[in-house]
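Student: The sequence and its predicted three-dimensional model are supplied below.
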Amino acid sequence: MLFSRTFIPTAREAPKGLSDPAVARLVRAGYVVADAETGELDLLPLGSMLWERVSDAFRNLAREAGIQTVDFNEIAGDSLSVAARYVKSYRQLPLSFASGNPRRIDACGFAAGSEEAALQRDGFLDIARKISGEAGLSPLDGRTIEEARRYVALAVDKGSWHSKEGFACSSCDWCGDDAAPANPTVRLTGEEAPLEEVETPGADTIAELCRQLGITPDRTLKTLFYAAEQGADKEILAVLTRGDHQVNDRKLSHALGGVVVRFADPLEIREAVGDLAGYLGPVGLPAGIRVLADRHIEGSPSLVAGANRPGFHLLNACWGRDYRASAAADLVSLQEGFPCPLCGSPIAAAYLRSIAVAVTDPGPSPLTFQDEGGVLSKAHRWEGTFCVTPLALSLAGGERIPPRFAPLDVHVLVTSMRNDDAVGLGNILAERLEERDFSVLLDDRDERAGVKFSDAELLGLPVTVVVGREASEGVVEAWKPDGNREELPADAVVELVSRWTR
């Protein structure tokens, strides 16, 4: 492939507003065009090749795992339609399909049981982990509040495109967002003391309450009122959490079976318990109010709670003795320093770039089949998505794109088109490399050597072969995948490139 005939618009500087260094690098190298306002990328020739290499690598591994490539318009619906037409027996399961394009691959599969469907889901995610690992990246095991849903992510810098705020473990490969499942709870301990009412004028915030009483927020109990709505039905309920924790709406909704939740407005609170904002507590609430507690509260012996009258709080409020809840669940957002749900080490704030996600359906699918006993049964389904763009951006974050995924294998750089020996040797090397099935970019442009060198560093192809002044002596310079450079005989180039890239 000739550089002079390929659209590779390299640039000395990236456009303003590109916060992601990988995106800026790809723009400067002429791989993509990026819109800083929308975050959209248009793939130019080299970008299309990079994205295709990544998606092809995924498809190849998917086929090895039994996920078959098809061309479906709508993966979930078409997979079910095809499976229903042909699957009659358990012997034809599991059956999995993948369909998509260089930017996104969707997959869907059916299995005889829920456990087998979960194995298929995890196998799909393992492909993303394997590709990331082979590229020298460190894939993270993403967990969500829904046990059936898992994902694979990469930790990236702040400002990286296709990323969101989350948390990652300092010791293992766990990651998650603020609604991920928390580690088994470590609750506060202490001796039970008599309930005591104290005056706390103006203490309508946790900070002011702690200042007045000389305590830390973890010794306080917040009582928050939420409206839970499902259709035309609405319930006002109290949610208990420690003063240093924040209720997570997604977890609360999940604990209530998926109903819509929101903070109750002042009128709703007044109608339920009276106008006592800032001093509300669980002791003595009206009998009709349902109380839910975060599991950090369950069993706590001595917390400071609102006294349900203005200007007063209760000391030594004890779970089970002074108040109780109808249920205790994981209701709070994760915070930096929380123990990892997998290994218990502290978690830290992180920016995460999700590259694959997969989920198993909570119940059986409409697909039926005869099981081993001849009984008509329903199959279980899983679905997954592999997003090429986030992984491609991470691959472009280093100086050189890993050989397996690079759009081209070798960059043959002729330093001067006025040097006949260099031109001739460059053409010969490009031809020999292509005969060995290497994809080659031959820089045949009539540009200064400095421009060509700068562009070669930007492109970051696995191997660059510089053909210059010593071409007449059969000597070239090679830029290797590890970043080192060395002079070598031109006759050795093909064999050495094979060793370096395969």
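Tutor: Received the coordinates, thanks.

Student: quick check: domain ranges of the chain?
Tutor: Following automatic domain parsing, one gets these domains for the chain: 3-180+347-395, 196-329, 410-501.

Student: Compute the first-to-last residue distance for the shortest one.
Tutor: Taking C-alpha to C-alpha, to the nearest Å, the span from the opening residue of domain 410-501 to its closing residue is 9 Å.

Student: quick one: average pLDDT of it?
Tutor: Averaging pLDDT along domain 410-501 gives 95.

Student: any idea which helix or strand carries Phe124?
Tutor: Phe124 is part of helix 114-134 when elements are defined by DSSP states H and E.

Student: scratch that, His411 is what I was asking about
Tutor: His411 is located in strand 410-414, with elements delineated by DSSP H and E.

Student: Give me the distance from that strand to the chain's centre.
Tutor: From the chain centre to the centre of strand 410-414 is a distance of 36 Å (C-alpha atoms, centre = their mean, to the nearest Å).

Student: Would you mind pulling the contact partners of it?
Tutor: Strand 410-414 is contacted by residues 422-423, 426, 429-430, 433, 438-444, 452-453, 456, 459, 461-468, 497, 501 when judged by C-beta atoms under 8 Å, 6 or more residues apart in numbering. Any C-beta I mention is one placed from the backbone N, CA and C, and that applies to glycine too.

Student: can you rerun that using 7 Å?
Tutor: Residues outside strand 410-414 that contact it (C-beta atoms under 7 Å, 6 or more residues apart in numbering): 422-423, 426, 429-430, 433, 438, 440-444, 452, 456, 459, 461, 463-467, 497.

Student: Going by neighbour count, which residues of the helix or strand of the chain with the lowest mean pLDDT are buried?
Tutor: Lowest by mean pLDDT, DSSP states H and E among the helices and strands of the chain is helix 266-273, with a mean of 86. Across helix 266-273, burial judged by 16 or more other C-beta atoms under 10 Å covers 268-269, 272-273.

Student: Where does the prediction get shaky in the stretch 101-250 of the chain?
Tutor: Across the stretch 101-250 of the chain, the ranges flagged by pLDDT under 70 are 184-190.

Student: residues of stretch 114-127 that come out buried?
Tutor: 114, 116-118, 120-125, 127.

Student: The closest residue to Val497 other than its chain neighbours bridge partners, please.
Tutor: Nearest non-adjacent residue to Val497, counting by C-beta to C-beta, 6 or more residues apart in numbering: Val463, 5.4 Å away. Using DSSP bridges, the bridge partners assigned to Val463 are Val410.

Student: Test my guess that Val463 contacts Leu496.
Tutor: No. Between Val463 and Leu496 there is no contact under C-beta atoms under 7 Å: 8.4 Å.

Student: Of the two, which one has the most company?
Tutor: Comparing Val463 with Leu496 by other C-beta atoms under 10 Å, the one with more neighbours is Val463, at 24 against 16.

Student: quick one: the more buried one from Cys172, how far?
Tutor: In this view, Val463 and Cys172 are 36 Å apart by C-beta to C-beta, to the nearest Å.

Student: just Arg5 next, same as before
Tutor: In terms of C-beta to C-beta, Arg5 sits 49 Å off from Cys172.

Student: can you check His296 too?
Tutor: For His296 relative to Cys172 (C-beta to C-beta), the value is 23 Å.

Student: higher neighbour count, those two?
Tutor: Shown here are His296 and Cys172; by other C-beta under 10 Å, His296 has more neighbours (22 against 15).

Student: And that one, its phi and psi?
Tutor: When read as degrees, to the nearest 10, the backbone of His296 gives phi -70, psi -20.

Student: That one reaches Leu240, doesn't it?
Tutor: No. At 9.4 Å, His296 does not count as touching Leu240 under the criterion of C-beta under 7 Å.

Student: now the helices for this structure?
Tutor: Taking DSSP state H to define them, one finds helices in the chain at 21-28, 45-64, 75-86, 114-134, 206-213, 249-255, 266-273, 388-395, 420-435, 449-459, 493-501.

Student: Using a markdown table, lay out those together with distance to Pro282.
Tutor: A markdown table is the format used below for the helices of the chain (distance: least, C-beta to C-beta, whole Å):
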| stretch | distance to Pro282 |
| --- | --- |
| helix 21-28 | 50 |
| helix 45-64 | 51 |
| helix 75-86 | 45 |
| helix 114-134 | 38 |
| helix 206-213 | 16 |
| helix 249-255 | 16 |
| helix 266-273 | 11 |
| helix 388-395 | 44 |
| helix 420-435 | 75 |
| helix 449-459 | 62 |
| helix 493-501 | 66 |
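
Student: what residues are up against the residue nearest to Val497?
Tutor: Residues near Val463 by C-beta under 7 Å, 6+ apart: 409-410, 478-481, 497, 500-501.

Student: now these: which count as buried?
Tutor: Buried among the contacts of Val463 (16+ other C-beta under 10 Å): 409-410, 478-481, 497, 500-501.

Student: Turn those residues into CSV, columns for distance to Pro339.
Tutor: Output for those, formatted as CSV (distance: C-beta to C-beta, whole Å):
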residue, distance to Pro339
Asp409, 46
Val410, 49
Ala478, 49
Trp479, 46
Lys480, 43
Pro481, 40
Val497, 49
Trp500, 44
Thr501, 43
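
Student: how close does Ile355 sit to Val304?
Tutor: Using C-beta to C-beta, one gets 45 Å for the distance from Ile355 to Val304.

Student: So these two - more neighbours on which side?
Tutor: Ile355 (31 against 25).

Student: That one reaches Ala128, doesn't it?
Tutor: Yes. Between Ile355 and Ala128 there is a contact at 5.4 Å, judged by C-beta under 7 Å.

Student: Give me the distance between the closest residue to Ala36 other than its chain neighbours and Gly397.
Tutor: Among residues not flanking Ala36 along the chain, Gly17 sits closest, at 3.4 Å (C-beta to C-beta, 6+ apart). Distance, Gly17 to Gly397, using C-beta to C-beta: 19 Å.

Student: okay, those two: which has more neighbours?
Tutor: For the pair Gly17 and Gly397, the greater number of neighbours falls to Gly397 (18 against 10), based on other C-beta under 10 Å.

Student: Could you report the distance from that one to Ala22?
Tutor: To Ala22, Gly397 is 4 Å away according to C-beta to C-beta.

Student: try Leu46
Tutor: Look at Leu46 and Ala22: by C-beta to C-beta, they are 14 Å apart.

Student: go on, Gly474?
Tutor: Gly474 is 38 Å from Ala22, by C-beta to C-beta.

Student: Equivalent analysis for Glu147, please.
Tutor: According to C-beta to C-beta, Glu147 stands 33 Å off from Ala22.

Student: Comparing these two, which residue is more hemmed in?
Tutor: Ala22 (20 against 12).

Student: got a pLDDT number for the more buried one?
Tutor: 93.

Student: Next one: it from Val156, what distance?
Tutor: Distance of Ala22 to Val156, given as C-beta to C-beta: 9 Å.

Student: so what sits against both of those two?
Tutor: Ser394.

Student: Identify the residues contacting the most centrally placed residue in the chain.
Tutor: When C-alpha atoms, centre = their mean is applied to the chain, the residue found nearest the centroid is Ser354 (2.2 Å). Contact analysis of Ser354 by C-beta under 7 Å, 6+ apart lists 142, 151, 153, 387, 390.

Student: I'd say the first one and Cys175 touch.
Tutor: Yes. With contact defined as C-beta under 7 Å, Gly142 counts as touching Cys175 (5.2 Å).

Student: Now do the shared contacts for these two.
Tutor: Common neighbours of Gly142 and Cys175 (C-beta under 7 Å, 6+ apart) are Ala153.

Student: Quick check: bridge partners of Thr69?
Tutor: Ala98.
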